[in-house]
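In: prediction below, plus the sequence it came from.
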Amino acid sequence: MNWADIAGAVGKTAPILGALLGGPAGLALNAAGSIVASVLGVAPTPDAVSQALTINPDAAVKLAQIEKDRQVELQTLVTQVAVSQLVSDTAAITAVNATMQAEVKSEHWASWLWRPFNGFVFGTTFFGVYFVLPLAHIPSPVIPMEAWASIGAILGVASWFRGKAQADVNNPAPVRG
């Protein structure tokens, strides 16, 4: 059992604490779990808190009261979680951008050609499966939605960055073409 498993039960009477327990792991999650456990007088583990919520009829009242008493501290934890998530997302996007920029600058054809190749393969496959085969009265194969979603995501990201590069007047002419 983990903290997310009991977030719903805690959130019924203490929504901020429940949101913290159900959020991403980290310092704020551990702090929220420790607060809930100390209020209920149990060990700071999800199993102990879950058992206390089940056995103790006053647990919900205690959680609501502690949330009311510590609202500023809990809101600070919520803010820390949000900031941490934004920092993490920004780092991931920065890493992807750096990778794509390195690919574009590469002199090896396989590094810079794979994204356009995927775009052409996706378009050709889509056109063939949904237009050519039905016109030829050939049953279309069943292609899992995950396959379309993954290739569509690659194509979407590549197209967005390509469009951004083409719109930039500071890029050299071959990139803008």
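Out: That came through, no problem.

In: quick check: residue 152 vs residue 160, distance?
Out: 12 Å (CB to CB, to the nearest Å). For the C-beta atoms, the positions are set from N, CA and C on the backbone; glycine is no exception.

In: show me which of those two is the more surrounded one.
Out: Higher neighbour count among residue 152 and residue 160: residue 152, with 13 against 10, using other CB atoms under 10 Å.

In: excluding its backbone neighbours, what's nearest the more buried one?
Out: In space, and not counting its chain neighbours, residue 152 is closest to residue 122: 7.2 Å by CB to CB, 6 or more residues apart in numbering.

In: looking at it, the one you found is touching residue 155, isn't it?
Out: Yes. Using CB atoms under 8 Å, residue 122 is in contact with residue 155, at 5.3 Å.

In: chain center to stretch 36-56, what's the gap?
Out: Counting by CA atoms, centre = their mean, to the nearest Å, stretch 36-56 is centred 29 Å from the centre of its parent chain.

In: sec struct for the residue nearest to residue 152, please.
Out: Judged by DSSP: H, G, I helix; E, B strand; the rest coil, the three-state class of residue 122 is helix.

In: got the contact list for it?
Out: 151-152, 155 (CB atoms under 8 Å, 6 or more residues apart in numbering).

In: repeat for residue 41
Out: By CB under 8 Å, 6+ apart, the contact set of residue 41 is residue 52.

In: next one: it from residue 52, what distance?
Out: Distance from residue 41 to residue 52, counting by CB to CB: 7 Å.

In: residue 66 too?
Out: For residue 66 relative to residue 52 (CB to CB), the value is 13 Å.

In: got the buried residues for stretch 127-139?
Out: Buried residues in stretch 127-139, counted by 16 or more other CB atoms under 10 Å: residue 129.
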